[in-house]
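Participant: quick one, fold the following:
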Amino acid sequence: MKKDVLISMWEEGSDRIFRNEKTDKEMITKYLNEKTLKGSRNIHFNLVFYGFIQVANIILLSMNLAGFLNNQAMIWILGSLLAITIGILFFTIDIFYRFREINNYSDSLQNLINKQLWFYRKPYEIWLVLASVSAIILISNVNLFVDNDNGSYVIHNKVLFVGVTIGAMLFIYGTQKLASLYGLRRLKAYLVDFQQGGLDQTSRLERSQRKYLWLWIAVFILLTISLIFGALTAVK
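Facilitator: Purely as a prediction, here's the structure:
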């Protein structure tokens, strides 16, 4: 992985790029601004991606409601899930625009980072749970749509079904939580470096990221395999 030029020079202790303290501070601030912006794009992508999942859930739930019209119990379950999904979608839209308002780059870098830290710790933490619920609703909806048998759906092993559902939800939440914790750690490092006028924390974080890159790749591969396996199971 190619290192960032400024980080590389900082690690090497090069004095040639820093003519004076003002230039040093300006370059560091600009660099940390760019890093903060990159992290913001990841959050925006996550919110938009799960927003599409919630829209897909609304469509599938509506179709399943039509397919289970003769099953009163399923109507209540699907209707409740539809109401929950609509609520999650509105919450996702709300925090998407709230996060956009936070990312005012005319503000000072310190205020920007502090606002993003608040966002990670408050609304985004709640949203992580709701996003995991959305993913489980999507999986369940696909199964209901595929296995609808004249308005009925039979669960042969209820204990296993509940266990797998909870396990899948915890796994999805866990991966999202790990990414969120890394985002918090990254912002804290940027804030410390900005206040101290250095890049020590950011440099250490960059080295750690390269070190554990294989772990993120492994998680991504596991998620992809799980998605493919789930799709194949649904088709069968």
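Participant: could you pull out the strands for the chain?
Facilitator: Using DSSP state E, the chain contains no strands.
Participant: quick one: low-confidence parts of it?
Facilitator: Counting by pLDDT under 70, the ranges of the chain that qualify are 1-24, 105, 148-155, 207-216, 219-220, 223-224, 226-236.
Participant: at the geometric centre of it, which residue sits there?
Facilitator: N46 (4.5 Å; CA atoms, centre = their mean).
Participant: which elements pack onto the biggest helix by length in the chain?
Facilitator: The helix spanning the most residues in the chain, taking DSSP state H as the definition, is helix 21-67. Packed against helix 21-67, as judged by 3 or more CB pairs under 8 Å, 6 or more residues apart in numbering; DSSP states H and E, are the following elements: helix 5-12, helix 72-102, helix 109-121, helix 123-147, helix 158-196. For every residue, glycine as well, the C-beta is placed using N, CA and C.
Participant: now with 6 Å?
Facilitator: helix 72-102, helix 123-147, helix 158-196 (3 or more CB pairs under 6 Å, 6 or more residues apart in numbering; DSSP states H and E).
Participant: between the second one and helix 21-67, how many degrees?
Facilitator: This points to helix 123-147. Here helix 123-147 runs at 30 degrees with respect to helix 21-67, directions being taken by axes from the mean of the first three to the mean of the last three CA atoms, to 10 degrees.
Participant: outside of helix 123-147, which residues touch it?
Facilitator: Around helix 123-147, the neighbours that count as contacts under CB atoms under 6 Å, 6 or more residues apart in numbering are 50, 53-54, 57, 60, 64, 81, 88, 95, 153, 169, 172-173, 176, 234.
Participant: what's the farthest-apart pair in the residues you listed?
Facilitator: Spanning the widest gap among the contacts of helix 123-147 are I95 and Y153, at 33.2 Å by CB to CB.
Participant: which ones are touching the nearest residue to N33 once chain neighbours are set aside?
Facilitator: Of all residues beyond its chain neighbours, the one nearest N33 is L109 (5.8 Å), with distances taken as CB to CB, 6 or more residues apart in numbering. L109 makes contact with T29, N33, F194 under the criterion CB under 6 Å, 6+ apart.
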